[in-house]
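**Student:** Turn this into a structure:
(chains A and B)
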Amino acid sequence: MDFEPSDDQRLLVESIGRMLADNYGFQQRKAFVTAPEGFSTAMWSRYAEQGLLGVPFAEEYGGYGGGPQEVMLVMQAFGKHLVLEPYLATVILGGGAVQTFGTDAQKKAILTAICEGSLKMAFAHGERQARYDVTDVMTTAKRDAAGWIIDGSKTVVQHGDVADKLVVSARTSGDRYDADGITVFLVDAKTQGVARRGYPTRDETRAADIALDGVRVTDADVLGEVGKGLVVVQRIIEAGIAATGAEAAGAMEAMNEMTLEYSKTRVQFGQAIGTFQVVQHRMVDMFMAAEQGKSMAMLATMTLDQTDPAKRAHDMALAKVGIGQSARYVSQSAVQMHGGIGMTEEYAVGHYFRRCMVIERLWGDPAYYLQKLADEVN
Amino acid sequence: MDLRFTPEEIAFREEVRTFIKENLPADIHHRMKLGHSPRKEDTVRWQRILAAKGWAGLSWPKEHGGTGWSAIQKMIFLEENQAAPAPELSSFNITMIGPVLIQFGTEAQKKRFLPRALTIEDWWCQGFSEPGAGSDLASLKTAAKREGDQYIVNGQKIWTSTAHVADWCFLLVRTDANARKRQEGISFLLLDMKTPGITVRPIISIDGSHHLNEVFFDNVTVPVENLVHQENRGWDVAKFLLGNERTGIARLGKSRERMDASLDMARKVNQNGRPLVEDADFRRRVAQIQVDMKALEITQYRVLSKHDKAGGEGKPDPLSSVLKVKGTELLQATTELAIDVSGPMATPIWAQELEAMNQPDDLLEGSSAGVGSYLFLRASTIYGGTNEIQKNILTKAVLGL
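**Tutor:** Numbers count the residues shown, from 1 in each chain, chains lettered A, B, ... in the order given. Modelled structure (predicted):
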């Protein structure tokens, strides 16, 4: 067991850190938010140039050949800077699924394009009625002679409005809630019948509702096996939990640094508020929560390699609860310790707060996963 | 970075588990499983078995009969030993006085005391706290005056665990009342508990046990050869002792064992006509503890891995204080869970009834011992530097305030 980064990993972290420190200050980020895409296309190109878009992909597709740990380090750095670009949606969720389940042809076409920066993806799985229930898929795909016809609608698809290719789950057999009978398709976003309505989310990224009306795809667009799509969906979610866990760890670190700095400069009753023990102990509690959260993000990352699906699901649930609870505590405390200024749009801490709030409810919140763990107790 | 156990670490865990299973005496195992604190003779017996195997000197270097294990290996051993459950190694002997003498002791002190500490020929106790010096340890007043080749000790210690059964005591005393800083007038002495002038008075703690004591010193003589390190430099030794050995401070194995015992009992008792283990609220509580235990487990491995990577050297990691705070919170959460499972059976003091029973009743005895453990471990957030003091330490070390 060795938790210390290797020299290569350290270099990776340093180079990302430098790039973000130079280009992703809070004021610079504000300008990125106002772009029509809701992020910086220039930064996206820069990530491509620096090889970041290929971090988890094999070198034959132009990737860096890294694994879950390298992804963790990237996402932690992104979390510290509240990066807006669709890295999670494209590289981790979409690209990750293709890397794990794709055919050679799919991998070659899609991963190469992602690495180049010419293809963005989104994971279109959630539906209005489903809340967090992963098998609650009502979108259908029906077979005909030419291939498949997809009908249904997806909601809060992160970066769904800018994606070139959508990873769409649909029911090809069985009933609502059935574990079997879900199939995952790779759908070109420009296909006839795909209608997208983009909107901003609370964390200043964007998402979309996507209507699929008689959307035609072929067998070559199936990702994984027909009817066995649940495993694809679960793998995507697990990769997402690990990545957003690392992102939350980075965000918590940033909030704690900000809070500490503020406590040294904010004077009340004639002294810096950081001299008050009640404030000090709250900040220590925040530090402890952040460290525990970071440990859980590491757990999620190491769990991705676990081959037993039941164990993987169990540890992922532990991690998701731990990360969510830590991030909620740290972000709420950070706003509280800042007082009034923490409530404002112009100040960074509230933006971290909202990103943590969004992360917490991607694919299930702590209460949801705690219930899963509780169900296993016997 | 490799966030998994190596095959060697997995094999080592198996080796430890098997050894404990095959060598832990059945009567000790039975008492521990019911949640009793180990008796002195249980600790001695088990530690001697471990010493014979070469496993008692957990963090000692090999030349002094230690294991020479990495921090991760030590942790694996502690987890398995606590989970068994087996008596823990004597912390006074193994994690306190042993490393202190190895670091600061004279050759004669090492030769005389280390082998006997390893096998508990000498049972050590710790004379630090005083009525006026708890969290503010440096304000201690017990005085030692040098006269010729001996010190004359006068004063009082309190909360001295196991002083009533101890052979030796390591003691912080004030040797210079006029030092510029309070910390600079303190010395570290080794005291034979059979020396005339020592009075040990019991303090019965809320679990009904006699573990704590007051110790009074009335012109007690200590030969100068029993001074450790230099005169008036005892604070260095105390700081080393308190910061040195943090492996295992989280005592996760113990928390895990207590939770497993609670689950075991929750399968046997009913609530609303169904086994308590099926109760939704109970299950969520267990799940939450599992989450917190897992987080601490990983945090602990991060600390250890950093320690091993640094070659086992370096200053104590401030994260150790996190381990102490979170670890003791879990000890309290799991023992609290245990008494809540016991329900009304947690209330009687049934010493005689349990003694007189023909058929052993694990449910009653387990409840009785479990509540003892719950009461006793309220102390865990107080001893070894209260959790509030740990937060002060973190304020300085991590926040830099």
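
**Student:** Specify the local secondary structure of B:Leu331.
**Tutor:** State at B:Leu331, reduced to three classes by DSSP: H, G, I helix; E, B strand; the rest coil: helix.

**Student:** Please read the previous query as pertaining to A:Gly126.
**Tutor:** coil.

**Student:** Tell me how many other residues crowd B:Lys145.
**Tutor:** Using other C-beta atoms under 10 Å in any protein chain shown as the criterion, B:Lys145 is surrounded by 14 other residues. Any C-beta I mention is one placed from the backbone N, CA and C, and that applies to glycine too.

**Student:** er, A:Asn23 I mean
**Tutor:** With neighbours defined by other C-beta under 10 Å, the count for A:Asn23 comes to 15.

**Student:** Please, which helix or strand holds the residue nearest to it when sequence neighbours are not counted?
**Tutor:** The shortest distance from A:Asn23 to any non-neighbouring residue, by C-beta to C-beta, 6 or more residues apart in numbering or on different chains, is to A:Met43 (6.6 Å). Assigned by DSSP states H and E, A:Met43 belongs to helix A:41-49.

**Student:** For the helix or strand just after that helix, which helices and strands make contact with it?
**Tutor:** Note on helix A:41-49: by DSSP H and E, the next helix or strand toward the C-terminus is helix A:68-81. Where contact means 3 or more C-beta pairs under 8 Å, 6 or more residues apart in numbering or on different chains; DSSP states H and E, helix A:68-81 is packed against helix A:7-23, helix A:87, helix A:229-265, helix A:277-303.

**Student:** and the angle from helix A:68-81 to helix A:277-303?
**Tutor:** Angle, helix A:68-81 to helix A:277-303, by axes from the mean of the first three to the mean of the last three C-alpha atoms, to 10 degrees: 150 degrees.

**Student:** rewinding a little: packed most tightly, which of the helices and strands packed on helix A:68-81 would that be?
**Tutor:** helix A:87 (a mean of 26; mean count of other C-beta atoms under 10 Å in any protein chain shown).

**Student:** what distance separates that one from the centre of its chain?
**Tutor:** Computed by C-alpha atoms, centre = their mean, to the nearest Å, the chain-centroid distance of helix A:87 equals 8 Å.

**Student:** which residues are contacting it?
**Tutor:** A:47, A:52-53, A:74-75, A:78 (C-beta atoms under 8 Å, 6 or more residues apart in numbering or on different chains).

**Student:** Going through those, which ones are buried?
**Tutor:** Among those, the ones that count as buried by 16 or more other C-beta atoms under 10 Å in any protein chain shown are A:47, A:52-53, A:74-75, A:78.

**Student:** secondary structure class for B:Cys126?
**Tutor:** Quick fix: residue B:126 is Gln, not Cys. strand.

**Student:** now B:Cys169
**Tutor:** strand.

**Student:** Just put the helices and strands packed on helix A:68-81 in CSV and tack on mean pLDDT.
**Tutor:** Shown next, in CSV, are the helices and strands packed on helix A:68-81 (pLDDT from 0 to 100):
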stretch, mean pLDDT
helix A:7-23, 96
helix A:87, 98
helix A:229-265, 98
helix A:277-303, 97
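
**Student:** can you redo those as CSV with distance to B:Lys40?
**Tutor:** CSV is the format used below for the helices and strands packed on helix A:68-81 (distance: least, C-beta to C-beta, whole Å):
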stretch, distance to B:Lys40
helix A:7-23, 49
helix A:87, 60
helix A:229-265, 45
helix A:277-303, 35
